[in-house]
Structures are given as C-alpha cells and as structure tokens.
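> Okay, sequence plus prediction incoming.
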Amino acid sequence: MRLLLVAVVLGSLRVFPLPDVRLCGFLWLTGQACPLCGLTRAVAALARGDWGRAIELHALSPLLLVVAAVVFIFRVRLAGWMWAVLGAAVVGYWLWRW
C-alpha cells in the first residue's frame, strides 16, 4: 500500500508541473531560503527524470529522496547518529548556499 501511495504521488508530480511560486514561510518572512527551500520542486524534477534541474534546486534532493523512501516504504529505522549526520548535511548545505 505504501509503495502504491509513493507511485501515485511521484506520478502526479511527473504529470502536473509545479508552479514557480515559493511556499516557504521562512523565505516570505526573512527573504532568505530555509534549509529545505527548493526540495519540493527538486523532488518533482526527479520524478520527471530531470536530475540536473533537481540538483540545481537542491543538491541533496536525490539523497533525501532515497532516505525518505527507505524510511517510509521499507520502514527502516535510522539510528540517531544517522539523523544527526543527515541534519548536519542539510544545514551545512544551507549555510554554503546562503
């Protein structure tokens, strides 16, 4: 059932283009991108097979999509240190991008 749900969501991202409107409240309030800005559009680009655009929008999008798939579909519990490393990578990328 989870695999079917993921297939439907990714299929809809492939069919329906996302608008260029940014929905990030942090961006609206501060004018600066948050650590996850561009991730939704990057996942949509990955669903369409546009890896270059996805990496342009958020360089960690392929990694985060794989982690989300492993956790959501296969119900693998990541250790605390793995979440810490992933969080540090996202924050580090955000600081580099900022």
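On my side now, so go ahead.
> separation between Val76 and Val70?
In this view, Val76 and Val70 are 5 Å apart by CB to CB, to the nearest Å. All C-beta atoms are positioned from the backbone trio N, CA, C, and that covers glycine.
> One more: Arg53?
Counting by CB to CB, the gap from Arg53 to Val70 is 23 Å.
> Give me the pLDDT value at Leu18.
pLDDT for Leu18: 67.
> try Ser12
The model reports Ser12 with a pLDDT of 76.
> Other residues contacting the longest helix along the chain?
Identified as the longest helix of the chain according to DSSP state H is helix 80-97. For helix 80-97, the surrounding residues in contact (CB atoms under 8 Å, 6 or more residues apart in numbering) are 33-36, 58-60, 63-64, 67, 78.
> Give me the buried entries from these.
Using 16 or more other CB atoms under 10 Å as the burial test, the contacts of helix 80-97 include 33-36, 58, 60, 64, 67 as buried.
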